[in-house]
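[1] below are the sequence and a predicted model for it; my questions follow.
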Amino acid sequence: MVPDLATEVRRYLDDGSASAAPTLMARTELGWTTRPRGVKGLLKEWLGNSRHRWMWDYPSLAAELAAAGFHDIRRANQGDSEEPRFREVEREDRWRDALGIECRRP
């Protein structure tokens, strides 16, 4: 599960307002409204792992997964995995505006 770049770009292009770009940056967590300050802020940013560093759409992520040796790559939807353990952790709110991909490794 990752944020879907295609969804975010469509939303941005359809908006047309002066706030479209700042909204895109905030929604994708690619933009920073403040800069970490002090030792605590720098350590949190350096050691934390809560920000998105890259955005993907289905074609680009599927190509990367194939290049890494994964197979049976497909776009996933909530509740459609044959793996029952996924249903134990799936939540509807995580699927909103998200790109889900299921694949297998050799």
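    Sure, I can see it.
[2] so Ala66: helix, strand or coil?
    With DSSP: H, G, I helix; E, B strand; the rest coil as the basis, Ala66 sits in helix.
[3] check which helix or strand covers the nearest residue to it once chain neighbours are set aside.
    Leaving aside its sequence neighbours, Ala66 sits nearest to Ile73 (Cβ to Cβ, 6 or more residues apart in numbering; 6.1 Å). C-beta: built from backbone N, CA, C; applies to glycine. If you go by DSSP states H and E, Ile73 is part of strand 71-76.
[4] mind listing what's buried in that strand?
    Ile73, Ala76 (16 or more other Cβ atoms under 10 Å).
[5] gap between Leu43 and Arg37?
    Distance from Leu43 to Arg37, counting by Cβ to Cβ, to the nearest Å: 11 Å.
[6] can you confirm Leu13 is in a helix?
    Yes. Per three-state DSSP, Leu13 lies within a helix segment.
[7] show me where this protein has strands.
    All strands of the chain, identified by DSSP state E, fall at 2-3, 71-76, 98-104.
[8] can you pull the pLDDT of Asn49?
    Per-residue pLDDT puts Asn49 at 65.
[9] give me every residue that touches Glu82.
    By Cβ atoms under 8 Å, 6 or more residues apart in numbering, the contact set of Glu82 is empty.
[10] ok, back up a step: neighbour-wise, which of Leu43 and Arg37 wins?
    Comparing Leu43 with Arg37 by other Cβ atoms under 10 Å, the one with more neighbours is Leu43, at 11 against 8.
[11] report the contact partners of that one.
    Contacts for Leu43 were tallied using Cβ under 8 Å, 6+ apart; there are none.
[12] what about it, distance to Pro36?
    Where Pro36 is concerned, Leu43 sits at a distance of 9 Å (Cβ to Cβ).
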